[in-house]
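Trainee: need the 3D shape of this:
(chains A and B)
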There are 2 protein chains.
Amino acid sequence: MNNFTYYNPTQAVFGKGQLSELNKLVPAKANILITYGGGSVKRLGTLDRVKEELATSERKLFEFGGIEANPQFETAMKAVDIVRSEGIDFLLAVGGGSVMDATKFIALAGASDAHIGKERELMFHGFAPVPVERAIPMGTVVTLPATGSEMNGFSVISDGHEKLPIFSPLTFPVFSILDPELTYTLPERQVANGVVDTFVHVLEQYITYPVDARFQDRVAEGILQTLIEVGPETLANPEDYNARANLFWCATMALSGVVGSGVPQDWTTHMIGHEITALFGLDHARTLAIVQSPLWKIRKEKKQAKLAQYAERVWGIHEGSESEKADQAIAKTEAFFRSLGMKTTLSENDISKEDIPKVIHALEKHGMTQLSESGDFTLEHAQEVLELAV
Amino acid sequence: MNNFTYYNPTQAVFGKGQLSELNKLVPAKANILITYGGGSVKRLGTLDRVKEELATSERKLFEFGGIEANPQFETAMKAVDIVRSEGIDFLLAVGGGSVMDATKFIALAGASDAHIGKERELMFHGFAPVPVERAIPMGTVVTLPATGSEMNGFSVISDGHEKLPIFSPLTFPVFSILDPELTYTLPERQVANGVVDTFVHVLEQYITYPVDARFQDRVAEGILQTLIEVGPETLANPEDYNARANLFWCATMALSGVVGSGVPQDWTTHMIGHEITALFGLDHARTLAIVQSPLWKIRKEKKQAKLAQYAERVWGIHEGSESEKADQAIAKTEAFFRSLGMKTTLSENDISKEDIPKVIHALEKHGMTQLSESGDFTLEHAQEVLELAV
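Mentor: You can find the predicted model right below:
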């Protein structure tokens, strides 16, 4: 097992009706900015319920809606203006990963006048902590189980066609309200995306090289097994509480640090996927479903031991050599994604072989030339993966 | 899945050589009280290394040693006197569960003059939060993987022959340094105790009635499987880093909230075990190894579904009816404890049938008359369990 620091101070408030805890969780006598997305939280009444809960104390409420999928720097900056002009003390994100991620950026950029005019600089630190002293405290009311952003300090912000990861331990939400019932009305496509996104979050922390981290491996396998069960269940019966609750808690736990502490982590699939989303607008999860299998095929030798373990423990494949088990696990994974409605090739998603150089160029531009858990995944490997994905 | 709040703000700093992080983690310019136990941390040099690390900044260091196994209220009160007289700002527990638990009590009792003369009152709130406003912040350097006290707000304090649970969210350690190498010199008996203690911590949160909490169940099963593997490994080869590291992280995670959030919890085995320790001085883990199997036999009907799941997923038992699988799981568990050197009957531990009324009386005195996940485990049940344990 590798050395590690595990730290996750977010209070997760999980279950039916937990929105009623909001008044206790949000500071009283504060100026609150509620952030949200494209309007579904308005249409479905979630925003009104949030405001009702908060109105029971002397708070001044402000709203900022219209945060888009793959939230843009320019959009977040409009909210930063409100933070500055209204003296906002607390941010409350109501939505999914995009709203939470944008709010994390707002929390960092809006916390100090020292960032005025230099906000873009906050975006170029990769996975290293952003060098800032403070962030505005934030909470979340999560309406989409997928990104796990509700229980970590990571976010992803887009700047035009650039999609960039940002990390700060200051942007762990103080609390996250996770009520599975608030997610019943999600479109099928978004639920399927959430299952795949969570699945690949775990794979990035699990299918690497073995370091004998048995707790972490088994937690990873437990989440994967659960997703294989509840993914189809919750798509077929969106109002089956337990199926949705199990998906939700798996999504939150997948990126909470419990799986990834003390083990090597890959994230190549995500980095390639981010470029595809930024260039062609394809949903994040769908890019992951395209990249994952070809990546494993190209990197099979390095990942074979863990792929075979995954084959055995998650898919129940006990026959064949280590290599054959790995092959079967790759096939099973792709079939699982397809069963959830993913189109797992570039061409099925209207991206052609001729588009590959754009992705390679973007990876190069963003310094993604030494990816993977061992830092030896080059642009040549990315080229091979994408050719295999056509 | 039940509704729940999951919250664990402790920073776990895990791995080889992590003691060198101490200077960064402990406040500078503070009065620090270092607490420890019977002298092994002195003899083995751990205490000196701790003091060396802390001496690099302007801290005033105080020491309080001699905290016994099953730490006594009167012992902890001597440290509370030092806290008051020296204006201690931060407590650093160096040791195992007893030292950490005593330090949590010191952190609560010493935090405010309002408690002077009323410190004993802090001990009688069971699992409900102690009604206090603040606690002195504390960190830990853990030398024994067992109780999980390093990553939760629970402690157990003895007052003469009474052994009482105490909980406060204010006593989560700010940080816990978990270096497996610091535990290499532990006596075999203590390592075996740690394996059993961790195992039963998980069982108390897992062998209850099913609520379809799939992540939590699989984390529980993952820890149990790992303990079955690494228990014998780490006893046979105390300096096998990975075996000890896997035991250690499982011990910490077992009581961190990850297993027990959203599921019913039992704790009957612990409550009966505490009385046996308080009355007869037997090691905590050894009392658990005595009580667990008879308790399951008496409560088999209520626990059969989860016992059968445990049989299948942890012990690989796939033949037979649900009832037969449950029986086999009970037998396997007891055999596992015996393989670690536990004597699993009362009589093997010099406690006779004639001693049973003392235990029943103690349970009654402490209000332990409606135990278990469903609150229907009475003194009559406890009597049956203990008779079966003779």
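Trainee: okay, CA-based contacts and neighbour counts for the rest of this
Mentor: OK.
Trainee: what about the residue in the stretch 251-390 of chain A that chain B sits nearest to, is that helix, strand or coil?
Mentor: For the stretch 251-390 of chain A, the residue closest to chain B is residue A:262, as judged by C-alpha to the nearest C-alpha, at 8.3 Å. Three-state call for residue A:262 (DSSP: H, G, I helix; E, B strand; the rest coil): coil.
Trainee: and for it, the neighbour number?
Mentor: 21 (other C-alpha atoms under 10 Å in any protein chain shown).
Trainee: and the one 10 residues further on, by the same measure?
Mentor: The tally of other residues near residue A:272 (other C-alpha under 10 Å) stands at 23.
Trainee: just checking, it touches residue A:292?
Mentor: No: using C-alpha atoms under 8 Å, residue A:272 is not in contact with residue A:292, being 9.8 Å away.
Trainee: returning to that earlier point: what's the residue of the stretch 251-390 of chain A closest to chain B sitting at in phi/psi?
Mentor: Dihedral pair for residue A:262: phi 80, psi 10, per degrees, to the nearest 10.
Trainee: which ones are touching the closest residue to it other than its chain neighbours?
Mentor: Once flanking residues are discounted, residue A:262 sits nearest to residue A:2: 4.4 Å by C-alpha to C-alpha, 6 or more residues apart in numbering or on different chains. Neighbour list for residue A:2: A:211, A:262-264, B:15 [criterion: C-alpha atoms under 8 Å, 6 or more residues apart in numbering or on different chains].
Trainee: and what of residue A:302?
Mentor: Per C-alpha under 8 Å, 6+ apart, neighbours of residue A:302: A:208-209.
Trainee: who in chain A is up against chain B?
Mentor: A:1-16, A:212-215, A:218-219, A:222-223, A:226, A:242, A:245-246, A:249-250 (C-alpha under 8 Å from any C-alpha of the partner chain).
Trainee: write a PyMOL command that selects only the buried members of those residues.
Mentor: Those of those that count as buried under 16 or more other C-alpha atoms under 10 Å in any protein chain shown are selected in PyMOL with:
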select buried, chain A and resi 1+3+4+5+6+7+8+9+10+11+12+13+14+15+16+212+213+214+215+218+219+222+223+226+242+245+246+249+250
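Trainee: which ones among the residues of chain A next to chain B map onto strands?
Mentor: If you go by DSSP state E, those have A:4-14 in strands.
Trainee: just the helices from the stretch 101-250 of chain A, written as ranges.
Mentor: Secondary structure of the stretch 101-250 of chain A, counting by DSSP state H, counting those that start in this stretch: helices at A:188-206, A:214-236, A:241-254.
Trainee: just name the most buried of those.
Mentor: Of all the helices of the stretch 101-250 of chain A, helix A:241-254 carries the top mean neighbour count, a mean of 25, counting by mean count of other C-alpha atoms under 10 Å in any protein chain shown.
Trainee: quick check on the spatially closest residue to residue A:263 that is not a sequence neighbour: phi, psi?
Mentor: Nearest in space to residue A:263, with sequence neighbours left out and distances taken as C-alpha to C-alpha, 6+ apart, is residue A:2 at 5.9 Å. Main-chain torsions, residue A:2, degrees, to the nearest 10: phi -80, psi 160.
Trainee: now the strands for chain A?
Mentor: According to DSSP E, chain A carries its strands in the segments A:4-14, A:31-35, A:60-64, A:90-95, A:138-142, A:154-159, A:162-167, A:175-178.
Trainee: with just CA atoms, put the fourth one into PDB.
Mentor: As requested, the backbone C-alpha atoms of strand A:90-95 are provided in PDB (Å, rounded to 0.1, in the frame of the first residue of the first chain):
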ATOM      1  CA  PHE A  90     -22.100  31.400   1.700                       C
ATOM      2  CA  LEU A  91     -22.800  29.600  -1.600                       C
ATOM      3  CA  LEU A  92     -25.500  27.000  -2.000                       C
ATOM      4  CA  ALA A  93     -25.200  24.900  -5.200                       C
ATOM      5  CA  VAL A  94     -28.500  23.200  -6.200                       C
ATOM      6  CA  GLY A  95     -28.000  20.800  -9.000                       C
END
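Trainee: all helices in the stretch 251-390 of chain A, in order from the N-terminus.
Mentor: Under DSSP H, counting those that start in this stretch, the stretch 251-390 of chain A gives helices at A:268-280, A:284-298, A:300-315, A:322-339, A:356-365, A:379-389.
Trainee: can you tell me how far residue A:105 sits from chain B?
Mentor: Separation of residue A:105 from chain B (C-alpha to the nearest C-alpha, to the nearest Å): 22 Å.
Trainee: surely that residue meets residue A:76?
Mentor: Yes: using C-alpha under 8 Å, residue A:105 makes contact with residue A:76 at a distance of 7.1 Å.
Trainee: so which of those two has more stuff around it?
Mentor: Neighbour totals were compared for residue A:105 and residue A:76, and residue A:105 leads with 30 against 27 (other C-alpha under 10 Å).
Trainee: residue contacts, that one?
Mentor: A:76, A:155, A:157.
Trainee: for the second one, list each beta-bridge partner.
Mentor: Partner residues in beta bridges with residue A:155: residue A:166, with DSSP bridges as the criterion.
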